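Colleague: this one's sequence-less:
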C-alpha cells in the first residue's frame, strides 16, 4: 500500500508543499498545468481533503464534468480518468500507450465507469494525459 503523502487535513496543498513531495516530477507537473492553463483555461482545480482515504486529492473539472483526479505520491504524482463504455472506441483508437488501453479494457467497473491511472514519470505520460483530456471532452 502506498503511503498517503498529503495526509495532514490542516495543511492545504500549496505548490511549495506539493513540490517538496514530488521532487524531480515537478517538471512534469509544471508541463501538465501549463498545458491546461493555455489550452483549457475553463478547467477548475479543486483540492479537497477526503476522510475515507485520509488524504488531499485534486479534482479537475469543467463546469459539472470531472475531467480527472490527481493524487500526490512520494517523488511523483498520479492522474486518474474515469470513462463510461461509450468512450471505449475512442480510447482504443487513440495514441495512448497499449498498456493504458489494456488497463482500461481490463479494469474493474464501478457501476458504468472504468478508470485509467497514470503514474506521471515521463514526457510520454504527459502526451497520454493530453490525449485522455481530449477524449474526455469529446464524450457527451
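Modeller: Yep, it's here. All figures in this text were calculated on a predicted structure; none of them were measured in a lab.
Colleague: Tell me where the protein has strands.
Modeller: Per DSSP state E, the chain carries strands over the ranges 44-50, 55-62, 65-73, 76-84, 113-119.
Colleague: Adjacent strands (with direction) for the first one?
Modeller: Each strand that pairs with strand 44-50, with its direction, by DSSP bridges: strand 55-62 (antiparallel).
Colleague: Pull the residues that contact the partner strand.
Modeller: Strand 55-62 is contacted by residues 4-7, 12-13, 36, 40, 42-50, 66-72, 137 when judged by C-beta atoms under 8 Å, 6 or more residues apart in numbering. Placement of C-beta: from N, CA and C, glycine included.
Colleague: Then stretch 18-32?
Modeller: For stretch 18-32, using C-beta under 8 Å, 6+ apart, the contacting residues are 5-6, 72-77, 79, 120-123, 125-126, 129.
Colleague: Next, the distance between the ends of that stretch.
Modeller: 14 Å (C-alpha to C-alpha, to the nearest Å).
Colleague: How far away from the center of its chain is it?
Modeller: 14 Å (C-alpha atoms, centre = their mean, to the nearest Å).
Colleague: Pull out the buried positions in that stretch.
Modeller: If you call a residue buried by 16 or more other C-beta atoms under 10 Å, then stretch 18-32 has these buried ones: 18, 21-22, 25, 28-29, 31-32.
Colleague: Equivalent analysis for stretch 123-134, please.
Modeller: 125-126, 128-133.
Colleague: How about stretch 93-110?
Modeller: Buried residues in stretch 93-110 (16+ other C-beta under 10 Å): 94, 96, 100-101, 103-104.
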